[in-house]
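Q: how would this look folded up:
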Amino acid sequence: MQIHSYLTFNGNCREAMTFYKKCLDGELMLQTIGESPMAEKMPRKMKNCIVHSTLTKGDLILMASDMVGDAGLKKGNAISLMLNCTSESEIYDLYEKLSENGSPTHPIETTFWNALFGDLIDQYGNQWLLHYQKH
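A: Residues are numbered from 1 along each chain as shown. Model prediction:
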């Protein structure tokens, strides 16, 4: 069994996922509502919205959509995206890239469990935790 992060946006999914691809690399797949079988059932103004997207790089899978329910999009701090990095250079590089136009809330530092750890809120309001276990 696996668990994947699925983010919901309100019309800026393409922009956010393109940003995450720039930061994390990998292969990005985007499908618009207009390209889907549900195109005829949705308002015309939504045809360029993303019904589903996936960013894949090795074991990393990040999914997202612009499909907001009737209650609307409500951001909170209950969910974070955790990246277990493979090197010191990777954790610092990803921290710098993901915090662009965001809020670097906790700079990377060595923890009591001998790891590098830091967190940030990106420009889309999503919280990222970055971790690298030193050997």
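Q: touching, Leu98 and Trp128? I think so.
A: Yes: assessed by CB atoms under 8 Å, Leu98 is found in contact with Trp128 at 5.4 Å. The way it works is simple: take the backbone N, C-alpha and C, and place the C-beta from them, glycine included.
Q: anything in contact with each of those two?
A: Common neighbours of Leu98 and Trp128, using CB atoms under 8 Å, 6 or more residues apart in numbering, are 120, 122.
Q: which residue ranges of the chain form strands?
A: 5-8, 27-32, 50-57, 60-65, 80-84, 103-110, 115-121, 127-133 (DSSP state E).
Q: in CSV: those strands, plus distance to Ala71.
A: CSV is the format used below for the strands of the chain (distance: least, CB to CB, whole Å):
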stretch, distance to Ala71
strand 5-8, 11
strand 27-32, 23
strand 50-57, 19
strand 60-65, 15
strand 80-84, 22
strand 103-110, 26
strand 115-121, 22
strand 127-133, 21
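Q: related to what we said a few turns ago, which of Leu98 and Trp128 has more residues huddled nearby?
A: Leu98 (24 against 21; other CB atoms under 10 Å).
Q: which residues touch the more buried one?
A: Contacts of Leu98 by CB under 8 Å, 6+ apart are 23, 120, 122, 128, 130.
Q: can you rerun that using 10 Å?
A: Leu98 sits next to 19-20, 22-24, 81, 83, 104, 119-123, 126, 128, 130 when contact means CB atoms under 10 Å, 6 or more residues apart in numbering.
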